[in-house]
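A.B. asks: Predicted model follows, preceded by the sequence.
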Amino acid sequence: MSEIAEYKLVRNSTVGSELTEDMAKLLAARMGVRHLKDGEFVVKEGEADQTLFVLTAGKLNVISKDSNGVEQTVYTMKEGECAGTRAFVEQSPRKATLRAVGESTVYTLTPEDFESLLDASPRLAYKVMRALFRVTHANLARMNQETEQLSNYITKTQGRY
């Protein structure tokens, strides 16, 4: 028998922020659990895996290749954050690599397992999709802010450099 995801951790994540206890239990029952060792890859850039990942313990580095093909850590995820929203929703290849920093645990949700909730609990599916939209919007806002800060640094405006 495989390990069962803890619904309280799901509820305390960015994906479960609006869920009732019963909804979180239903979602957790559809999720897988992966325990990772330091340096272990969750997924690699370019892979076709469309699984959504929720970090429940430890940290994950989000790694992307620069224009020269050199891997760069672009973000370090904290507990409760999720990754893979674009691949999950669009069913497209991965745009980044995820690698564990220390021992970590992720909960996994495949599109097929999520879609099985559509008929059984459409309100739950709606709330999860709304949460994924918020996550994507927050990521975009963070990237826009970083781009603006870089531009200000390069042009030496609006700050001390």
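C.D. replies: Received, thanks.
A.B. asks: Can you show me the strands along this structure?
C.D. replies: 32-36, 41-43, 52-65, 71-77, 82-83, 97-109 (DSSP state E).
A.B. asks: For these, state which one has the densest average packing.
C.D. replies: strand 82-83 (a mean of 22; mean count of other CB atoms under 10 Å). Any C-beta I mention is one placed from the backbone N, CA and C, and that applies to glycine too.
A.B. asks: any chance of the strands of the chain in a markdown table, plus mean pLDDT?
C.D. replies: A markdown table is the format used below for the strands of the chain (pLDDT from 0 to 100):
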| stretch | mean pLDDT |
| --- | --- |
| strand 32-36 | 97 |
| strand 41-43 | 96 |
| strand 52-65 | 95 |
| strand 71-77 | 92 |
| strand 82-83 | 94 |
| strand 97-109 | 97 |
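A.B. asks: In JSON lines, list the ones you listed along with distance to residue 124.
C.D. replies: Converted to JSON lines, the strands of the chain look like this (distance: least, CB to CB, whole Å):
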{"stretch": "strand 32-36", "distance to residue 124": "18"}
{"stretch": "strand 41-43", "distance to residue 124": "25"}
{"stretch": "strand 52-65", "distance to residue 124": "14"}
{"stretch": "strand 71-77", "distance to residue 124": "24"}
{"stretch": "strand 82-83", "distance to residue 124": "16"}
{"stretch": "strand 97-109", "distance to residue 124": "12"}
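A.B. asks: wait, which of those is closest to residue 125?
C.D. replies: strand 97-109 (11.5 Å; CB to CB).
A.B. asks: packing partners for the closest one?
C.D. replies: Packed against strand 97-109 by the contact rule (3 or more CB pairs under 8 Å, 6 or more residues apart in numbering; DSSP states H and E) you find strand 32-36, strand 41-43, strand 52-65, strand 71-77.
A.B. asks: Give the residue spans of the protein that score low on pLDDT.
C.D. replies: 1-2, 137, 139-144, 147, 150, 157-161 (pLDDT under 70).
A.B. asks: 90 instead?
C.D. replies: 1-3, 65-71, 74, 85-86, 89-93, 95, 118-119, 133-161 (pLDDT under 90).
A.B. asks: Okay, angle between the top helix by length along the chain and strand 71-77 too, please.
C.D. replies: In terms of residue count, the longest helix belonging to the chain (DSSP state H) is helix 122-155. Helix 122-155 runs at 130 degrees relative to strand 71-77, counting by axes from the mean of the first three to the mean of the last three CA atoms, to 10 degrees.
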